[in-house]
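**Student:** Model the following, please.
(one chain, ligands or ions: 5)
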Amino acid sequence: MDPQSCGACHPDKLAEWSGSLHAKAFSPGLVGQLLTFSREDTQECLNCHAPLAEQAAAFEAARKKGKGHLPEAQGLAAAGNSCGGCHLRGHQRFGPPQRGTGAVGRIAGDLPHGGFTGSTSFQSPEFCAACHQFPADQAINGKPLENTVEEWRSSPQAAAGQTCQSCHMPDRKHLWRGIHDPATTAAGLTPRISADRDKARFAVTSTGVGHAFPTYVTPKVILHAILLDEAGKPKQGSEVTYVIQRRVEHDGADWHEISDTRLLPGQTASVEITWKDAERARVWLEVRPDEFYHAVTYAQLRRDLPQGGAAARLIAEADTRTRSTVYSLFTSEIGRPTASGDHP
Ligand code: HEC
Ligand code: HEC
Ligand code: HEC
Ligand code: HEC
Ligand code: HEC
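**Tutor:** Ligands and ions are numbered 1, 2, ... in the order given. Here you go, the predicted model:
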């Protein structure tokens, strides 16, 4: 069940998966919380973060020895959302229809691991729904915290035949790149920068995202525009911003939605900045993929967990990581058009 052993014959899949967040799902931010949970509550989290029964057993064994926080003691659990969780049931391999032939059902011959069972379920969004879609009865203001499959269902991309797999696993590659990958986010959006004598405008349209941008409640995305002085330095106090985010809060009993400014497919967000006495402006899109964990989840845990313990150390490490995932896209400068209407 160790991904490395599958990798002996499927090296491309192992290399791609290793760079994905599925391989990192048994993260410090998860384990820091699990250490304080009962076995039952732990199991609920593991269903999505390390789903094999053997992974739960490996983590509980490590926890018993007081080493639940150490990746080398966590054993198979540390592999996170790994090959076996998606492809193994009762020692049998399951996969998509055979490449080349499209064959489904039992495919034996004299293949290694006794062949495999090909199934179209691997190409369906329902396959991802198990972990990326919460049930409708957990809705907050009509929408569950994770509503990706429902968002996809009503998208023009779904109508055009694009699926979770065609965007996130092109040619069956095990990449699963999303908002943590700047190039993936940039490819899903179309920026537009324009200006007249009065103001400059920076707009971003969701043109290639097959669900809300962003789909989850944890990222925060900010459009920025700021005036520049003659030396090209930002003018203090001139900045304007616009936030794209679904904001939720938990009051100890229930979740509430504060606002939802995420972009559905085709929608545009923009900022406008008035020139005043400036001749140049800078615009950019700031992406903070893990903002909610930083601002809420980890901030609270850092207050509540006993100082110096293993859980507090893991959460501090996870919080540091949330700062390293921040990036900017579409950074550009624009000049004020001259009175004749020409852009300098
Ligand atoms: C000894 C080499 C070997 C090892 C080890 C191995 N595989 Fe395979 N696997 C193959 C070969 C060969 C095929 C057949 C490819 C074909 O005919 O389409 C295959 C097919 C598959 C398929 C089906 C592909 C499809 O077209 O649907 C899946 C899924 C799969 N393997 C998963 C795994 C997993 C998971 C592991 C580790 C638990 C693993 N394999 C270990 C050699 C291996
Ligand atoms: C067993 C549960 C499970 C299944 C099945 C699953 N995922 Fe995930 N996925 C996760 C978890 C958990 C994470 C977050 C890992 C982390 O960062 O700790 C994740 C992360 C991702 C990310 C990265 C998001 C980002 O923030 O950049 C993408 C993209 C993704 N999954 C797409 C898919 C697609 C497409 C499918 C279906 C083919 C799928 N997943 C199936 C559990 C799952
Ligand atoms: C239904 C599946 C599911 C369950 C159950 C689940 N998660 Fe997650 N979790 C996800 C997905 C999917 C992501 C990635 C979100 C994204 O980028 O869209 C994630 C992300 C995270 C992250 C941020 C990324 C990282 O790994 O540092 C943490 C921390 C986390 N989950 C902790 C937990 C804890 C603790 C529990 C149990 C209370 C839990 N999760 C239960 C699916 C799940
Ligand atoms: C989150 C679930 C998930 C994980 C984890 C995962 N796979 Fe897959 N795998 C899939 C899906 C879904 C497909 C089919 C994609 C498609 O048809 O577009 C697939 C396809 C395959 C295929 C057929 C490939 C082909 O090119 O025809 C092989 C072989 C395979 N996976 C092996 C692995 C191995 C080895 C690992 C671990 C290193 C792994 N998978 C991890 C979901 C997963
Ligand atoms: C048309 C292409 C496309 C389709 C279809 C698509 N995605 Fe995405 N997805 C993207 C792009 C681009 C991003 C990066 C921007 C963003 O975060 O929304 C992304 C981001 C994500 C993320 C990162 C987390 C976040 O908050 O945005 C997850 C998780 C994800 N997709 C899962 C899925 C699942 C599950 C499906 C199927 C129900 C799916 N995607 C369908 C293009 C697509």
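**Student:** Can you give me the neighbour number for the closest residue to ligand 1 within the stretch 151-300 of the chain?
**Tutor:** Taking C-beta to the nearest ligand atom as the measure, the point where the stretch 151-300 of the chain comes nearest ligand 1 is Arg172, at 8.4 Å. C-beta here means a position set from N, CA and C on the backbone, and glycine is covered the same way. Other residues near Arg172 come to 15 when the count uses other C-beta atoms under 10 Å.
**Student:** so who does it touch?
**Tutor:** Applying C-beta atoms under 8 Å, 6 or more residues apart in numbering, one finds that Arg172 lies in contact with Pro96, Arg99, Gln165.
**Student:** Please repeat the previous calculation with a cut-off of 10 Å.
**Tutor:** Applying C-beta atoms under 10 Å, 6 or more residues apart in numbering, we find Arg172 in contact with Asp12, Lys13, Glu16, Gly95, Pro96, Arg99, Phe122, Gln123, Gln165.
**Student:** Is ligand 1 within reach of the host helix or strand of the last one?
**Tutor:** This means Gln165. According to DSSP states H and E, Gln165 maps onto helix 164-168. No. Interface with ligand 1: helix 164-168 contributes nothing (C-beta under 6 Å from any ligand atom), its closest point being 12.7 Å away.
**Student:** What's the mean pLDDT across that helix?
**Tutor:** For helix 164-168, the per-residue pLDDT values average out at 98.
**Student:** Just the buried residues of the next helix or strand after it, please?
**Tutor:** Note on helix 164-168: by DSSP H and E, the next helix or strand toward the C-terminus is helix 182-188. In terms of neighbour count (16 or more other C-beta atoms under 10 Å), helix 182-188 has its buried residues at Thr184, Thr185, Ala186, Gly188.
**Student:** How about the residues of this protein by ligand 1?
**Tutor:** Within the chain, the positions lying close to ligand 1 (C-beta under 6 Å from any ligand atom) are 1, 5-6, 8-10, 83-84, 87-88, 93, 95-96, 98-99, 111-113, 116, 118.
**Student:** Would you list the buried entries among these?
**Tutor:** Buried residues within the residues of the chain next to ligand 1, counting neighbours by 16+ other C-beta under 10 Å: Cys6, His10, Cys83, Gly84, His87, Leu88, Arg93, Gly95, Pro96, Phe116, Gly118.
**Student:** I figured the last one hits Gly105, correct?
**Tutor:** Yes. Assessed by C-beta atoms under 10 Å, Gly118 is found in contact with Gly105 at 6.4 Å.
**Student:** List the contacts of the closest residue in space to Leu14 that isn't next to it in sequence.
**Tutor:** In space, and not counting its chain neighbours, Leu14 is closest to Gly7: 3.0 Å by C-beta to C-beta, 6 or more residues apart in numbering. Listed by C-beta under 10 Å, 6+ apart, the contact partners of Gly7 are Lys13, Leu14, Ala15, Trp17, Ser18, Cys83.
**Student:** Only whichever of those are buried, select them in ChimeraX.
**Tutor:** Typed into ChimeraX, the line below selects the buried ones among the contacts of Gly7, using 16+ other C-beta under 10 Å:
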select :13,14,17,83
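**Student:** Redo the contacts of Gly7 as JSON lines? Include secondary structure.
**Tutor:** Formatted as JSON lines, these follow (DSSP: H, G, I helix; E, B strand; the rest coil):
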{"residue": "Lys13", "secondary structure": "helix"}
{"residue": "Leu14", "secondary structure": "helix"}
{"residue": "Ala15", "secondary structure": "helix"}
{"residue": "Trp17", "secondary structure": "helix"}
{"residue": "Ser18", "secondary structure": "helix"}
{"residue": "Cys83", "secondary structure": "helix"}
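**Student:** ok, Val271 to Ala136 distance?
**Tutor:** When distance is defined by C-beta to C-beta, to the nearest Å, Val271 is 35 Å away from Ala136.
**Student:** right, I mislabeled it, should have said Ser324
**Tutor:** The separation that Ser324 has from Ala136, given C-beta to C-beta, amounts to 35 Å.
**Student:** quick one: which of these two has more around it?
**Tutor:** Under the criterion of other C-beta under 10 Å, the comparison of Ser324 against Ala136 puts Ala136 first, with 11 against 8.
**Student:** pLDDT score assigned to the more buried one?
**Tutor:** 90.
**Student:** surely it meets Glu146?
**Tutor:** No. The pair Ala136 and Glu146 does not pass the contact test of C-beta under 10 Å, sitting 11.6 Å apart.
**Student:** Which residues of the stretch 201-344 of the chain lie near ligand 5?
**Tutor:** With C-beta under 6 Å from any ligand atom as the criterion, the stretch 201-344 of the chain comes near ligand 5 at residues Gly208, Val209, Gly210, His211, Phe213, Pro214, Thr215, Tyr216, Pro219.
**Student:** which ones are touching the first one?
**Tutor:** Counting by C-beta under 10 Å, 6+ apart, Gly208 makes contact with Gln157, Gln162, Cys167, Thr184, Thr185, Ala186, Ala187, Gly188, Leu189, Thr190, Pro265.
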